[in-house]
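[1] Could you work out the structure for the sequence below:
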Amino acid sequence: MQKLAMSFLLFLVVSGLPAQAELDASVQEGLQKTKALLTNPTDRNKAIEKDPKAQDVDRKMKALVGEENGEQVYKIAAEVFERIVQESKGDPEKLKAMMEQAQKDPQGFYKQYLSEQDKAGVRGIATGVENRRPHAPHK
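    Numbering: from 1, shown residues only. Now for the predicted structure:
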């Protein structure tokens, strides 16, 4: 369940990102700017303030994983975004198809597009979330 929730969360964050037509110099530049935006809290928060959809995604993500894990989620999302843009060669139709497949199979998306380091980060976040939950009293 934890992996499913985190996969869905990463999908939410990544699916709101722009897609480029080709992986040429301009796409590389766009990719780097997007990654920088995701990993720079000041710039990211300015962008979020301007977009109600981004505000909603950010709010839901932080409600799910906790405010303290938000930066880690955005870092992982930036890495995953880079992988899917490279695999799709920036083709918006391929990106769309990948995101649709991620909705159908978040676990497969998790396995295919997250590095071992990313997966360890997701496991750490999920463990922290589980540890914060109130536990039912033992009988």
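[2] ok, for residue 39, nearest residue in space, not its chain neighbours?
    Computed as C-beta to C-beta, 6 or more residues apart in numbering, the closest residue to residue 39 that is not its neighbour in sequence is residue 78, at 5.2 Å. For glycine as for every other residue, the C-beta is placed from the backbone atoms N, C-alpha and C.
[3] That neighbour - how many residues pack around it?
    If you count neighbours by other C-beta atoms under 10 Å, residue 78 ends up with 20.
[4] what comes up buried for the host helix or strand of it?
    In the assignment (DSSP states H and E), residue 78 maps to helix 70-88. Residues of helix 70-88 classed as buried: 70, 72-74, 76-82, 84-85, 88 (neighbour count, 16 or more other C-beta atoms under 10 Å).
[5] Any idea how far that helix is from the middle of the chain?
    In terms of C-alpha atoms, centre = their mean, to the nearest Å, the gap separating the centre of helix 70-88 from the centre of its chain is 6 Å.
[6] hmm, back to that, from the buried residues of helix 70-88, which single one is nearest residue 128?
    Nearest to residue 128 out of those is residue 72 (C-beta to C-beta; 9.6 Å).
[7] Pull the contacting residues for that closest one.
    By C-beta atoms under 8 Å, 6 or more residues apart in numbering, the contact list for residue 72 reads 121, 124-125.
[8] out of the residues you listed, who has the most neighbours?
    That'd be residue 125 among the contacts of residue 72, by other C-beta under 10 Å, with 23 neighbours.
[9] Which pLDDT value goes with the spatially closest residue to that one that is not a sequence neighbour?
    Among residues not flanking residue 125 along the chain, residue 69 sits closest, at 4.7 Å (C-beta to C-beta, 6+ apart). Confidence at residue 69, expressed as pLDDT, is 92.
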